[in-house]
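[1] quick check, what structure comes out for this input:
(chains A, B, C and D)
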Protein chains: 2
Amino acid sequence: MLTQERRDIITRIVNEKNAVTVAELVEELDTSAATIRRDLTELDKERRIIKVFGGATSINSVSTGEDAVKEKLLKNVEAKDEISRYAASLIVDDDFVYIDSGTTTLKLIDYITNTKAKYITNGIVHAKRLIERHLDTIIIGGRVKARTEAVIGSDCVDVIRRYHFTKSFMGTNGISIKAGFTTPDVDEAMVKAEAIKHSYMSYVLADHSKFGVVSSVTFAELKSCAIITDREPSKQYEDETVIKYFQHKVAGKEN
Amino acid sequence: MLTQERRDIITRIVNEKNAVTVAELVEELDTSAATIRRDLTELDKERRIIKVFGGATSINSVSTGEDAVKEKLLKNVEAKDEISRYAASLIVDDDFVYIDSGTTTLKLIDYITNTKAKYITNGIVHAKRLIERHLDTIIIGGRVKARTEAVIGSDCVDVIRRYHFTKSFMGTNGISIKAGFTTPDVDEAMVKAEAIKHSYMSYVLADHSKFGVVSSVTFAELKSCAIITDREPSKQYEDETVIKYFQHKVAGKEN
DNA sequence: TTATTTTTGATTATTTATGATTGATTTTGA
DNA sequence: TCAAAATCAATCATAAATAATCAAAAATAA
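    Residues are numbered from 1 along each chain as shown, chains lettered A, B, ... in the order given. Reported below is the predicted structural model:
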């Protein structure tokens, strides 16, 4: 196989899977680790991927992306995929869709097929991906937060105030009966809250691990957003809001 | 077999298979490796395929856009490096720096060392890279243009109107005595013009190939921006505006 | 025909790619 | 925190591929 060809394949794999280990590439491409490392070093230099300890992540992943490689080895990717795919399927023609920053919503973009809707986001990486998918994209301006590569702050809130979304897709750090949807950052919470307030329908994308978790700041009550998740939550939650869930790769009941 | 006929076949094979080795072509066409290499060299020169070590790949294999960017980045690398490095060195504490979208200004970000300045940009990729370098970053919001991944449009212009930059670094497609600084896109020109208008000092980063070139839309007169370039331009230009230039890796005279 | 140009294949010195090894660095897990 | 394990960059020898050169063959022109 050509060196260039192999590097093209690596780039494609990294972008598809978002994160990949050296071992996986050795297996996939049937070559030595030394060669894979050289390829990764080169591709990183060309800014086609981001090299991290243990492998590489997509140039379109958030921050250093180091977590992504580790996370990948630990967490159940399929559940998140199913959540994202379902969420994307909700988008219809002429929708004006707000996409919150965060890794869960980032995956959602890969599954979007509707090109007649308009998309708006406060995530730098999200905007880049949306554009790469040739979707009609607006990015909200303002101060960019380093860790999450998201636009936050009062300017951002002001901008959102002027818009009215038909649907918004949000990420969250915690979901609890008492505290509602919570996130660790005050500024980010304010942006989320405003987006939800200006949205006809809001969906929170969250895997089951988020249930029962409470973070520092509440950005919405349970009843203000429908939840899309990967397991049947306890009855309490279903009394509070609409929940769509998937179980063991089998679609859950419609709510 | 005719030489031309053989080359047509090679082109077809490369496009079909996306990537092919010299050995495969030798086998297929029953000729020597030397001949195949000559063919590949020629076809590459004609931009019908891309010659790589070991064989060739299709011109539209990975993504045509990526190759275009890659090629663009390769052009005048050393010159651009020096231009960028010098431009970055101009940034001082408490500066409020506008960074225009475009490849030249993207390189500039790699050389920024001042962490006490604030940075604002309309380039998605620029914002991402600024953040990666842990710099205080603001992105201008609005509609994102697909090809250049830059924010443009009237919203964007309105936002710029509210700001006052101490320095702005701009890219350009053409520099001419009569037409001034020009770019092919009307919307982009409007954004550039507004940024320059709201900047205390504006610098245009341009390699020598841009001189004498006129694109569709003028976004500024020569005298409104200092030029940072890689060759001594003709006297005419130096009469019009301040020009800093580098020659053969040796710093040019101060202007 | 003969002279000239073009194409081709072989040769060779040089460049590039690869896999193994090793000592250093980073991560992990107690 | 420390030590073990995993990963890494650097180095080296080998193999593969390349560009440059040259002579022969083929095509073309005079």
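
[2] flag every residue of chain A that's near chain B.
    Taking C-beta under 8 Å from any C-beta of the partner chain, the part of chain A that reaches chain B is made up of A:1-5, A:8, A:11-12, A:46, A:48, A:63-64, A:124-125, A:127-128, A:130-131, A:134, A:137-144, A:146, A:149, A:151, A:156, A:159. For glycine as for every other residue, the C-beta is placed from the backbone atoms N, C-alpha and C.

[3] and what about residue A:114, helix, strand or coil?
    Secondary structure, DSSP: H, G, I helix; E, B strand; the rest coil: residue A:114 is coil.

[4] my guess is it meets residue A:93, correct?
    Yes - taking contacts as C-beta atoms under 8 Å, residue A:114 lies within contact range of residue A:93: 6.5 Å.

[5] thinking again about what came up before, out of the residues of chain A next to chain B, which are inside helices?
    In helices, judged by DSSP state H, the following of the residues of chain A next to chain B are found: A:3-5, A:8, A:11-12, A:124-125, A:127-128, A:130-131, A:156, A:159.

[6] of all those residues, which two lie farthest apart?
    The span of these, defined through C-beta to C-beta, is set by A:3 and A:159 at 46.4 Å.

[7] buried set for stretch A:176-194?
    A:176, A:179-183, A:185, A:187-194 (16 or more other C-beta atoms under 10 Å in any protein chain shown).

[8] I'd like the average pLDDT over that stretch.
    The average pLDDT for stretch A:176-194 rounds to 92.

[9] what does it contact?
    A:100-101, A:122, A:145, A:148, A:150-154, A:156-157, A:160-161, A:170, A:172-175, A:204, A:211-222, A:224-225, A:236-237, A:240 (C-beta atoms under 8 Å, 6 or more residues apart in numbering or on different chains).

[10] try it again with 6 Å
    By C-beta atoms under 6 Å, 6 or more residues apart in numbering or on different chains, the residues outside stretch A:176-194 that reach it are A:152-153, A:156-157, A:160, A:170, A:172-175, A:204, A:214-222, A:236.

[11] now stretch A:235-249
    Under the contact criterion C-beta under 6 Å, 6+ apart, stretch A:235-249 has outside partners A:82, A:177, A:222-223, A:226-232, A:252, A:255.

[12] list only buried entries from these.
    Among the contacts of stretch A:235-249, those classed as buried by 16+ other C-beta under 10 Å are A:82, A:222, A:226-230, A:252.

[13] for chain B, what's the nearest residue on chain A?
    Of the residues in chain A, the one nearest chain B is residue A:141, at a distance of 2.6 Å by C-beta to the nearest C-beta.

[14] on that earlier part again, among the residues of chain A next to chain B, which are in reach of DNA strand D?
    Applying C-beta under 7 Å from any atom of the strand to these, one finds that nothing falls near DNA strand D.

[15] all strands of the stretch 101-250 of chain A, in order?
    For the stretch 101-250 of chain A, the strands defined by DSSP state E, counting those that start in this stretch occupy A:118-121, A:136-139, A:142-145, A:150-152, A:165-170, A:174-176, A:180-183, A:199-205, A:217-220, A:226-229, A:243-247, A:250-251.

[16] worst average pLDDT in those?
    strand A:250-251 (a mean of 40).

[17] the more surrounded of residue A:3 and residue A:159?
    Neighbours were counted for residue A:3 and for residue A:159 using other C-beta atoms under 10 Å in any protein chain shown; residue A:159 has more, 23 against 15.

[18] up against DNA strand D, what does chain A have?
    Counting by C-beta under 7 Å from any atom of the strand, chain A sits next to DNA strand D at A:21-23, A:33-34, A:37, A:41, A:51-55.

[19] so can I have CSV of those showing pLDDT, secondary structure and distance to residue A:199?
    Below are the residues of chain A next to DNA strand D laid out as CSV (pLDDT from 0 to 100; DSSP: H, G, I helix; E, B strand; the rest coil; distance: C-beta to C-beta, whole Å):
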residue, pLDDT, secondary structure, distance to residue A:199
A:21, 92, strand, 38
A:22, 93, helix, 42
A:23, 92, helix, 43
A:33, 93, helix, 48
A:34, 94, helix, 51
A:37, 94, helix, 45
A:41, 93, helix, 44
A:51, 92, strand, 38
A:52, 89, strand, 35
A:53, 90, coil, 39
A:54, 90, coil, 39
A:55, 91, strand, 37
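
[20] which pair in those residues spans the largest distance?
    Largest pairwise distance in those, by C-beta to C-beta, is 17.6 Å, between A:34 and A:52.

[21] return the residues in contact with the closest residue in space to residue A:128 that isn't next to it in sequence.
    Nearest residue to residue A:128, sequence neighbours excluded (C-beta to C-beta, 6 or more residues apart in numbering or on different chains): residue B:124, at 5.1 Å. Contacts for residue B:124 (C-beta under 6 Å, 6+ apart) come out as A:127-128, B:149.

[22] just the buried ones out of the residues you listed, please.
    Here, 16+ other C-beta under 10 Å leaves A:127-128, B:149 buried among these.

[23] tell me how chain A divides into domains.
    A:3-74, A:77-251 (automatic domain parsing).

[24] and the shortest one, anywhere near DNA strand C?
    Yes - with C-beta under 7 Å from any atom of the strand as the criterion, DNA strand C is reached by domain A:3-74 at A:3, A:6, A:31-32, A:34-35, A:38-39, A:53-54, A:66, A:70.

[25] so can I have a markdown table of the residues you listed showing distance to residue A:88?
    As requested, the residues of domain A:3-74 next to DNA strand C are arranged in a markdown table below (distance: C-beta to C-beta, whole Å):
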| residue | distance to residue A:88 |
| --- | --- |
| A:3 | 36 |
| A:6 | 32 |
| A:31 | 35 |
| A:32 | 39 |
| A:34 | 40 |
| A:35 | 37 |
| A:38 | 37 |
| A:39 | 32 |
| A:53 | 32 |
| A:54 | 30 |
| A:66 | 27 |
| A:70 | 26 |
